[in-house]
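**Student:** okay, here's the prediction I keep looking at, along with the sequence it came from:
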Amino acid sequence: MDKLIINGGPRLNGEIRISGAKNAALPILAATLLADGPVTISNVPHLHDITTTMELLGRMGLELTIDEKMNVQVDSRTIREFFAPYELVRTMRASILVLGPLLTRFGRADVALPGGCAIGSRPVNLHLQGLAAMGAELTVDGGYIRATAKRLKGADLMMDLVTVTGTENLMMAATMAKGVTVIRNAAREPEVVDLANCLIGMGAIIDGAGTDTIRISGVESLSGTHYEILPDRIETGTYLVAATMTGGHVKLKSTKPELLEAVLSKLHDAGAEITTGDTWVELEMNGKRPRAVSIHTSPYPGFPTDMQAQFTALNCVAEGTGVITESVFENRFMHVLELQRMGAQIQIEGNTAITTGVAKLKSAPLMATDLRASASLVLAGLVAEGSTEVHRIYHIDRGYETIEEKLSNLGAQIRRVPG
Ligand code: UD1
């Protein structure tokens, strides 16, 4: 298995381009199941999770073509199977996103119960409850969700919790249901809006995406379209934290800073000077050490849980003490044990990490445990004394496109070693 070796020290400096958002590309790939014609998607990031989703669609019989610029065309008219096998689903929880489209368009779906990142129990009960309220017959048998429906019916769905993929699955299911569906307490994440815009491009009737109430009027069929995925706000945030921790200066292009307000405000508190345009963000630390920040994660527009681990790494080398409370997922502090092995002063109390910055972290062999946790270990490696090895980096390849190349372009000393 590959590992990353990072020699800590250099201040990051330079410009890079941000990739398309993984969490928008995944539901949009699943949405191609709804269209009665080819859907072309551009700005698709080159990531493991994307490859897994494409493999999943390919196994169902869909025709996929990819050009060298990662424009992906998917044609669902050749579908043969309505089945998502465990061997693929277990590596990526977002595979559950095929359930809603399969059921609403073809009336049947067998989807393995998902695995994915080991960050808390992460059930899919709200996806299933919503589909049942729309008239689906669902059983869970042998680790598989077996679902059938004649035609889904519109329903008024009050979500107990804000769930991103739950909202997306139900929104996709509702596009071809009979009548009107209202999703209340819906997720407001920009990726939900991106999916809604793509569905609207396919002919769906959707109002209110980006608010907590989404209203969908079902149509008989959806057609092919062309859609460009929005930039990845989490990748953007991760490189901004990297620059802040190293006292550096970066300009990130092809991004959308307006989607990162909560993150930019915390980086400002940490001492960064930030300038933004519509499609770029520039951050300057002037060689300063960052100040520790306190954070409470919550659904959008709150501070994203997917940036929690990176800010925990930042606090490890910051001036002062920062308190980070994780309120979206249980058990999302697995990076803390690894950071402590580098000399970080972190105390965990329930779902809160209290970190007092140290002047220097020390390198150590590290084990990545989930996607964002592994990013935080790479960030820690950038500022640690000596050479840090991060193992099990398949987690990082699920969500960061060519991370070693992008960081090298910013002046980091990082390389991938097959092992
Ligand atoms: C999505 C993102 C992930 C991000 C998360 C929260 C994708 C592909 N992944 O994950 O990167 O960290 O949103 O922003 O978009 N829950 C239930 N029952 C359900 C569904 C969720 O109890 O049926 C709970 C979860 O355990 C969790 C909370 O709701 O505590 C939020 O999870 P959810 O928004 O569903 O996360 P994902 O959509 O899996």
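**Tutor:** Nice, I can see it.

**Student:** which bits of the stretch 51-200 of the chain sit near the ligand?
**Tutor:** The interface of the stretch 51-200 of the chain toward the ligand, taken as Cβ under 6 Å from any ligand atom, is made up of 93-94, 120, 122-127, 161, 163-166, 191. For the C-beta atoms, the positions are set from N, CA and C on the backbone; glycine is no exception.

**Student:** any chance of a PyMOL selection covering the buried ones in those?
**Tutor:** Of those, the buried ones can be selected in PyMOL as follows, counting by 16 or more other Cβ atoms under 10 Å:
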select buried, resi 93+94+122+124+126+127+163+164+165+166+191
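
**Student:** flag the least confident of the residues of the stretch 51-200 of the chain next to the ligand.
**Tutor:** Checking pLDDT across these, the minimum falls on G120 at 50.

**Student:** who touches V124 in this structure?
**Tutor:** Residues touching V124, when contacts are defined by Cβ atoms under 8 Å, 6 or more residues apart in numbering, comprise I96, L113, P114, I145, G166.

**Student:** verify the stated contact: the fourth one with N125.
**Tutor:** No - proximity of I145 to N125 does not meet the contact threshold set by Cβ atoms under 8 Å, at 11.0 Å.

**Student:** that older thread, for the contacts of V124, which one is nearest the ligand?
**Tutor:** The shortest distance between the ligand and any of the contacts of V124, using Cβ to the nearest ligand atom, involves G166 and amounts to 4.7 Å.

**Student:** and the host helix or strand of that closest one, what does it pack against?
**Tutor:** Using DSSP states H and E, the secondary-structure element containing G166 is helix 164-175. In terms of contact count using 3 or more Cβ pairs under 8 Å, 6 or more residues apart in numbering; DSSP states H and E, helix 164-175 is assigned the packing partners helix 22-31, helix 99-106, helix 125-133, strand 180-184, helix 190-201, strand 205-207, strand 213-217.

**Student:** helix 164-175 and the fifth one, what's the angle between them?
**Tutor:** Using axes from the mean of the first three to the mean of the last three Cα atoms, to 10 degrees, the interaxial angle of helix 190-201 with respect to helix 164-175 works out to 10 degrees.

**Student:** ok, residues contacting helix 190-201?
**Tutor:** With Cβ under 8 Å, 6+ apart as the test, helix 190-201 has contacts from 21, 23-24, 27-28, 31, 34, 39, 41, 164, 167-168, 171-172, 175, 186, 204, 206, 209-210, 214, 222, 225-227, 229-230, 233, 256, 259, 300.

**Student:** now the stretch 101-250 of the chain, which segments are flagged as low pLDDT?
**Tutor:** Across the stretch 101-250 of the chain, the stretches falling below the confidence threshold (pLDDT under 70) are 115-122.

**Student:** could I get the full set of helices for the stretch 301-419 of the chain?
**Tutor:** Assigned by DSSP state H, counting those that start in this stretch, the stretch 301-419 of the chain shows helices spanning 308-316, 334-341, 371-383, 394-397, 403-409.

**Student:** so for the first one, what gets flagged as buried?
**Tutor:** Think helix 308-316. By neighbour count, with 16+ other Cβ under 10 Å as the criterion, the buried positions of helix 308-316 are Q308, A309, Q310, F311, T312, A313, L314, N315, C316.

**Student:** I'd like these written out as a markdown table, with distance to the ligand and pLDDT added.
**Tutor:** Conversion of the buried residues of helix 308-316 to a markdown table gives the following (distance: Cβ to the nearest ligand atom, whole Å; pLDDT from 0 to 100):
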| residue | distance to the ligand | pLDDT |
| --- | --- | --- |
| Q308 | 9 | 97 |
| A309 | 11 | 97 |
| Q310 | 13 | 98 |
| F311 | 14 | 98 |
| T312 | 15 | 98 |
| A313 | 17 | 98 |
| L314 | 18 | 98 |
| N315 | 20 | 98 |
| C316 | 21 | 98 |
